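J.: build me a model from this:
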Amino acid sequence: MGIRKYSTSELVALPLNEWGRGKALGDAPPSVITGKRLDVTRGSVDSWGIWEASPGTFVREVQAAEYMHILAGECTFTPESGAEMAISAGDCLFFPPNTRGVWRIITPLRKVYALFQSQE
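T.: Numbering: from 1, shown residues only. Below is the predicted model of the structure:
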């Protein structure tokens, strides 16, 4: 497979499939999670794609390490062992394996993500 370039406008406009709902916390509505997996050559990246969540709050329960680039939206993430961080369009983040915490989606959040296999 050759190099494939995706423009930000192409990724923002890409139609997504519903993947379910985040695990709700308290009285906050759960986020609706949508996404689309994109082709990937097997290697250290397990999968990558586009992910979107509607406003709401849910627990992050991803075991893989994850790199993400926020395309649109605004949210906060509060890791189990840290302070709340504000996240918005244009931010890039890396979460180590087994990062747990709480997402609070303020405006619809869309990201490009890559999940990495454990090298243990």
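
J.: contacts and neighbour counts: CA atoms only from here.
T.: Will do.

J.: from the chain's centroid, how far away is the lowest-mean-pLDDT helix or strand in the chain?
T.: Within the chain, no helix or strand scores below helix 8-13, which has a mean of 79 by mean pLDDT, DSSP states H and E. Computed by CA atoms, centre = their mean, to the nearest Å, the chain-centroid distance of helix 8-13 equals 15 Å.

J.: render the CA-only coordinates of that helix in PDB, please.
T.: The C-alpha trace of helix 8-13 is given here as PDB (Å, rounded to 0.1, in the frame of the first residue of the first chain):
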ATOM      1  CA  THR A   8      -8.400  17.800   7.400                       C
ATOM      2  CA  SER A   9     -11.500  18.800   5.500                       C
ATOM      3  CA  GLU A  10     -11.800  15.300   4.100                       C
ATOM      4  CA  LEU A  11     -11.500  13.700   7.500                       C
ATOM      5  CA  VAL A  12     -14.000  16.100   9.100                       C
ATOM      6  CA  ALA A  13     -16.500  15.400   6.400                       C
END
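
J.: tell me what it is packed against?
T.: Contacts defined by 3 or more CA pairs under 8 Å, 6 or more residues apart in numbering; DSSP states H and E place helix 8-13 against strand 65-79.

J.: if we can go back for a sec, residues in contact with the least confident helix or strand of the chain?
T.: The contact list for helix 8-13 (CA atoms under 8 Å, 6 or more residues apart in numbering) reads 50, 71-72, 110.

J.: can you name the element that comes right after that helix?
T.: strand 17-21 (DSSP states H and E).

J.: and the strands in the protein?
T.: 17-21, 32-38, 45-53, 56-60, 65-79, 85-88, 92-95, 101-116 (DSSP state E).

J.: list the buried residues for the second one?
T.: Read that as strand 32-38. 32-36 (16 or more other CA atoms under 10 Å).

J.: show me what contacts Lys111?
T.: Here Lys111 is in contact with 50-52, 68-72 (CA under 8 Å, 6+ apart).

J.: show me which of the residues you listed has the smallest pLDDT value.
T.: pLDDT across those is lowest for Met68, at 90.

J.: for it, name its beta-bridge partners.
T.: With beta bridges defined as DSSP bridges, Met68 has these partners: Leu93, Tyr113.
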